[in-house]
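Undergrad: sequence-free structure coming up:
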């Protein structure tokens, strides 16, 4: 068994990355914890075999094709194994993998609610990404955006024609009213 300290940079805070890491680690039977750091990175301490930790790191990598402020996107992952230069010891024993919420959750109730909120948001984010992918695929297959643009242009042209016709009608009515008034 080896221990590792992993730092993850990118859009990894406020996008439920900790919940993802925890779920992956628990499925892989890895010990440790994950927590947000003040500099915007995520810190992970883990303990398992080196090959399992390497697989764990691969599973944590996430790139977003169309990143925005709500999209999880890992830019870099730094790994230091116990005994290597730059490795810092964890602040506590590593047991069942958990999320360290620090000051965010002072009670078990707050921690449980944060975990449920993170998992729910992670699921919704995945649903959003899948929906966006499906719409892009449909658009590529059926050229929906091109058809919508053409239809929008037709509607604008029709509206202009209706406006022109309405103005002409008003002028005609005015002309007829003036002639009948004479």
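TA: Ah, there it is. Please read all numbers here as calculations on a predicted model, not as lab measurements.
Undergrad: Show residues contacting stretch 10-23.
TA: Contact partners of stretch 10-23, identified using C-beta atoms under 8 Å, 6 or more residues apart in numbering, comprise 8, 34-36, 40-42, 44, 60, 62, 64, 67, 69-76, 97-99, 115, 118-119, 121-122, 125. C-betas here are computed from N, CA, C, even on glycine.
Undergrad: and it, how far apart are its ends?
TA: Distance between the two ends of stretch 10-23: 19 Å, counting by C-alpha to C-alpha, to the nearest Å.
Undergrad: buried stuff in it?
TA: Residues of stretch 10-23 classed as buried: 10-13, 15-22 (neighbour count, 16 or more other C-beta atoms under 10 Å).
Undergrad: Centre-most residue in this protein?
TA: By C-alpha atoms, centre = their mean, the chain has its centre lying nearest to residue 71, at 2.4 Å.
Undergrad: Let me know whether that residue touches residue 64 as I believe.
TA: Yes: counting by C-beta atoms under 8 Å, residue 71 touches residue 64, with 4.1 Å between them.
Undergrad: before we move on, the earlier item: mind listing what the residue nearest to the centre of the chain touches?
TA: Taking C-beta under 8 Å, 6+ apart as the test, what residue 71 contacts is 11, 15, 64, 125, 129.
Undergrad: what residues do residue 71 and residue 64 have in common as contacts?
TA: Jointly contacting residue 71 and residue 64 under the rule C-beta under 8 Å, 6+ apart are 11, 129.
Undergrad: burial count for residue 60?
TA: 20 (other C-beta atoms under 10 Å).
Undergrad: what about the residue lying closest to it once chain neighbours are set aside, which helix or strand?
TA: If you skip the residues right next to it in sequence, residue 60 has residue 21 as its closest partner in space, 5.8 Å away by C-beta to C-beta, 6 or more residues apart in numbering. Assigned by DSSP states H and E, residue 21 belongs to helix 17-27.
Undergrad: what helices or strands is the next helix or strand after that helix leaning on?
TA: Counting by DSSP H and E, the element after helix 17-27 in chain order, helix or strand, is strand 31-36. In terms of contacts (3 or more C-beta pairs under 8 Å, 6 or more residues apart in numbering; DSSP states H and E), strand 31-36 is packed against helix 17-27, strand 42-48, strand 98-99.
Undergrad: For residue 169, find the nearest of the ones you listed.
TA: helix 17-27 (62.2 Å; C-beta to C-beta).
Undergrad: got the angle for that closest one vs strand 42-48?
TA: Going by axes from the mean of the first three to the mean of the last three C-alpha atoms, to 10 degrees, helix 17-27 is angled at 0 degrees with respect to strand 42-48.
Undergrad: can you state the direction angle for helix 17-27 and strand 31-36?
TA: Angle of helix 17-27 versus strand 31-36, following the same axes, to 10 degrees, is 170 degrees.
Undergrad: what pLDDT, on average, does helix 17-27 get?
TA: Here helix 17-27 scores 95 as its mean pLDDT.
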